[in-house]
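Asker: next input, structure requested:
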Amino acid sequence: MGIDRNSYACAATDEMRRSIYIASIEDRGAGAGSSIRKPALRRILVCMAAVLCLLLLASSHDARMEGSAGIPQGESIIRVALGVGQNSARLSVVHGAYTLVNPDNGAGAGAMAIGQGITVSPSGSGLQIAKDGAAIAYTGSRIALSPGGGGVDIVMYNQKTYRGGFVVENRSGVLNVINALDVDDYLLGVLPMEMGMSTAPVEALKAQAVVSRTYALKKKNAGGSYDLVSGSSDQMYGGFGSEKAYTDAAVLSTRGQVIQYDGQLIEAFFSSNSGGYTEDAENVWNASLPYARAVPSPHDAYALEALQDGDGYPGVTYQWQVRYTMGELQERIAEWNKGHPDDRISIGNLQGMEGFAYAYDPDTRRITSKPNTSGRITLLDLHGSSGTYPLHRESVRTFLGLRSTLFTIKPEGGIAVRNGAGATVMLGQGLRESMGLVADGMPAEINPGSDSFYVATAEGVVQMHKDEASTVTAYVFDGKGYGHGVGLSQWGAIGMANAGMTYGQIIEHYYNQGRNDGRLSVRAVQ
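Answerer: So this is what the prediction gives:
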């Protein structure tokens, strides 16, 4: 989940980038309607500086981009799925030179220069390929666009530009489009999407760079055709067209640095805002990890101090409220059942719900009756006319469509009572049909002979009608945070950096609870 909705371009740097490739590339500079005119000599100097900067940026990667059968290979190369399950794909060369290669046998299928493109579609178990509208003879289920490696090689796919090499594969009759490139080149397109505010402090950007690099390298999967997907399920990735000078600097200044725990790469989870407290990994997923433990994150509240947009962003990443009527919740059950045919919620008509902030046992991976540290709801019981259905951990957030599971539940209408275990629950029937325990322990009608009953509140005794108060009409969810809450909190990192902390201190806090015991380290491995 990216922390910033609107990234702000550095116009001078973007002009340098634009000056080295054809005008058809998407404009990443000054806003619409702007015009930047420079004397000819200055433009030549800018162009030369741009070429030098980008060649220096690419030079350290090019040596590692050489791979067998046209696909970049190496420990620092990652494969990012830009499109999965596509019916067709169009890729065109924007800068540099590419060669079409069959990655399974190394056979060449022609060169591609600036402005040339291919359209690929599945054909049985193979591919149908047209180059600039003309069909080419090709046998195989995969086609690679191998970069020339002599400079900055850029391809456009789905109206976005990307560095590196590409593979289009036929998988079960649909296409996967995969971008293979050096992890640091990948990060140049990740940071602007994940923490792209021009006002973000440098140390927070460095922390995100190291975290994102670690996350990507940990995901390398030698057995699959790609390592990550471009999107919130892994990391937001905007490619070459999203790169910014200030996020580039954070990537380059931390080049090759990753987070290790006991000498091994960590699973570097992160979320937008943890709402004041991160969570133990086993209370969100199955795994219990020694570096993914709950830790206070008070600097998350900085999201409230930052400049807010018309929708209340970024403040709503820290604090929010959602209200659902019972009818809307019944609709959410229907939507859940459509998407989960093997895990249907079959409880009849929804009558109420209860949420519990329980911890999971890290060894047995079973839920306990002990409270978790952060207060996140890990068990949501849905009560209906024909039974109860339990939702656990992240399925709670999925079902309710909330920003996080760190919330409280407040019913509108209905009657809440204390049960024998001391928990507050909603009465499953009207008060007129309910009984109370009198002094001798026997059940008796509540306030017999009257349509009303009385409740002692903080404001005094309140009279309520037995029928009007008997039905819950809606639920209000008051919550904090945005995301799963495990690992680094992006807004917390920004707040910590603004308070003077370094990226190393930020990483130590979120992934080792500030113990400084030497088990966690940030080191360059490339």
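Asker: quick one: the closest residue in space to residue 90 that isn't next to it in sequence from residue 379, how far?
Answerer: Leaving aside its chain neighbours, residue 90 sits nearest to residue 119 (5.0 Å; criterion: C-beta to C-beta, 6 or more residues apart in numbering). C-beta: built from backbone N, CA, C; applies to glycine. Separation of residue 119 from residue 379 (C-beta to C-beta, to the nearest Å): 50 Å.
Asker: pop out the phi and psi values for residue 181.
Answerer: Main-chain torsions, residue 181, degrees, to the nearest 10: phi -160, psi 170.
Asker: who's in contact with the closest residue to it other than its chain neighbours?
Answerer: Distances taken as C-beta to C-beta, 6+ apart put residue 164 closest to residue 181, at 2.8 Å, once the chain neighbours are dropped. Neighbour list for residue 164: 65, 72, 147, 153, 179-182, 185-186 [criterion: C-beta atoms under 8 Å, 6 or more residues apart in numbering].
Asker: start and end of stretch 486-502, how far apart?
Answerer: Using C-alpha to C-alpha, to the nearest Å, one end of stretch 486-502 lies 20 Å from the other.
Asker: that one - what's its average pLDDT?
Answerer: For stretch 486-502, mean pLDDT rounds to 98.
Asker: show residues contacting stretch 117-131.
Answerer: 87-93, 100, 109-110, 112, 116, 132-133, 135-136, 138-143, 145, 156, 168, 170, 173-175.
Asker: please list only the buried members of these.
Answerer: Burial by neighbour count, 16 or more other C-beta atoms under 10 Å: within these this picks out 89, 91-93, 100, 109, 112, 138, 140-143, 145, 156, 168, 170, 175.
Asker: and residue 308, how far is that from residue 505?
Answerer: From residue 308 to residue 505 the distance is 28 Å (C-beta to C-beta).
Asker: cool, residue 494 as well?
Answerer: The gap separating residue 494 from residue 505 is 14 Å, by C-beta to C-beta.
Asker: any chance of a PyMOL selection covering the buried ones in the contacts of residue 164?
Answerer: In PyMOL, this line selects whichever of the contacts of residue 164 come out buried by 16+ other C-beta under 10 Å:
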select buried, resi 65+72+147+153+179+180+181+182+185+186
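Asker: distance-wise, check residue 360 relative to residue 76.
Answerer: Separation of residue 360 from residue 76 (C-beta to C-beta) stands at 36 Å.
Asker: follow-up on the earlier one: more crowded one of residue 494 and residue 505?
Answerer: residue 494 (30 against 17; other C-beta atoms under 10 Å).
Asker: helices and strands around the host helix or strand of the more buried one, which ones?
Answerer: Taking DSSP states H and E as the definition, residue 494 sits inside helix 490-498. With contacts defined as 3 or more C-beta pairs under 8 Å, 6 or more residues apart in numbering; DSSP states H and E, helix 490-498 has these neighbours: helix 183-195, helix 202-218, helix 302-305, helix 503-512.
Asker: winner for burial among these?
Answerer: Ranked by average neighbour count under the criterion mean count of other C-beta atoms under 10 Å, the helices and strands packed on helix 490-498 are headed by helix 183-195 at a mean of 27.
Asker: identify the residues contacting residue 170.
Answerer: Listed by C-beta under 8 Å, 6+ apart, the contact partners of residue 170 are 122-123, 125-127, 141-142.
Asker: generate JSON lines for the residues you listed, with pLDDT and secondary structure as supplementary columns.
Answerer: JSON lines is the format used below for these (pLDDT from 0 to 100; DSSP: H, G, I helix; E, B strand; the rest coil):
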{"residue": "122", "pLDDT": "97", "secondary structure": "strand"}
{"residue": "123", "pLDDT": "95", "secondary structure": "strand"}
{"residue": "125", "pLDDT": "94", "secondary structure": "coil"}
{"residue": "126", "pLDDT": "95", "secondary structure": "strand"}
{"residue": "127", "pLDDT": "96", "secondary structure": "strand"}
{"residue": "141", "pLDDT": "95", "secondary structure": "coil"}
{"residue": "142", "pLDDT": "95", "secondary structure": "strand"}
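Asker: nearest to residue 461 among those residues?
Answerer: residue 122 (72.1 Å; C-beta to C-beta).
Asker: what pLDDT is listed against the nearest residue to that closest one once chain neighbours are set aside?
Answerer: Once flanking residues are discounted, residue 122 sits nearest to residue 170: 4.7 Å by C-beta to C-beta, 6+ apart. With respect to pLDDT, residue 170 scores 96.
Asker: quick one: residue 310 is in a helix?
Answerer: No: per DSSP: H, G, I helix; E, B strand; the rest coil, residue 310 lies outside any helix segment and is coil.
Asker: list the contacts of it.
Answerer: Residue 310 touches nothing, counting by C-beta under 8 Å, 6+ apart.
Asker: what's the spacing between it and residue 316?
Answerer: 11 Å.
Asker: equivalent analysis for residue 291, please.
Answerer: Here the criterion is C-beta to C-beta. By it, residue 291 lies 29 Å from residue 316.
Asker: tell me the pLDDT at residue 286?
Answerer: The pLDDT attached to residue 286 in the predicted structure is 83.
Asker: and residue 197, by the same measure?
Answerer: On the pLDDT scale, residue 197 gets 86.
Asker: for the stretch 301-450 of the chain, which segments count as strands?
Answerer: With strands called from DSSP state E, counting those that start in this stretch, the stretch 301-450 of the chain shows them at 319-325, 350-356, 358-360, 367-371, 379-384, 387-392, 407-413, 416-418, 424-426, 435-437, 443-445.
Asker: relative to the third one, what are the paired strands and their orientations?
Answerer: With DSSP bridges as the test, strand 358-360 is paired with strand 367-371 (antiparallel).
Asker: and the last one, by the same measure?
Answerer: Paired strands of strand 443-445, with direction, are strand 435-437 (antiparallel) (DSSP bridges).
Asker: ok, now the first one?
Answerer: Looking at strand 319-325 with DSSP bridges, its paired strands and their directions are strand 472-480 (antiparallel).
Asker: then the fifth one?
Answerer: Partner strands for strand 379-384, per DSSP bridges, with pairing direction: strand 350-356 (antiparallel), strand 387-392 (antiparallel).
Asker: where does the stretch 401-526 of the chain dip in pLDDT?
Answerer: Along the stretch 401-526 of the chain, the parts satisfying pLDDT under 70 run over 415-433, 439, 457-458, 465-470, 526.
Asker: the helices in the stretch 1-150 of the chain, which residues?
Answerer: 11-18, 40-62 (DSSP state H, counting those that start in this stretch).
Asker: list the contacts of the helix holding residue 494.
Answerer: For helix 490-498, the external contacting residues (C-beta under 8 Å, 6+ apart) are 3, 194-195, 197, 200-204, 207-208, 270-274, 297-303, 306, 314, 317-318, 503, 505-506, 509-510.
Asker: now it against helix 183-195, angle please.
Answerer: Computed by axes from the mean of the first three to the mean of the last three C-alpha atoms, to 10 degrees, the angle separating helix 490-498 from helix 183-195 equals 100 degrees.
Asker: got the angle between helix 490-498 and helix 202-218?
Answerer: 140 degrees.
Asker: from the chain's centroid, how far away is helix 490-498?
Answerer: 18 Å (C-alpha atoms, centre = their mean, to the nearest Å).
Asker: CA-only coordinates of it in CSV, if you can.
Answerer: The C-alpha trace of helix 490-498 is given here as CSV (Å, rounded to 0.1, in the frame of the first residue of the first chain):
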residue,chain,number,x,y,z
GLN,A,490,5.4,4.0,7.0
TRP,A,491,3.8,6.9,8.7
GLY,A,492,5.5,5.9,11.9
ALA,A,493,8.9,5.9,10.1
ILE,A,494,8.2,9.4,8.8
GLY,A,495,7.3,10.6,12.3
MET,A,496,10.4,9.0,13.7
ALA,A,497,12.6,10.6,11.0
ASN,A,498,11.1,14.0,11.7
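Asker: quick one, that helix and helix 503-512 angle?
Answerer: If you take the same axes, to 10 degrees, helix 490-498 sits at 140 degrees to helix 503-512.
Asker: so residue 219 makes contact with residue 229?
Answerer: No: Residue 219 is beyond contact range of residue 229, at 9.8 Å (criterion: C-beta atoms under 8 Å).
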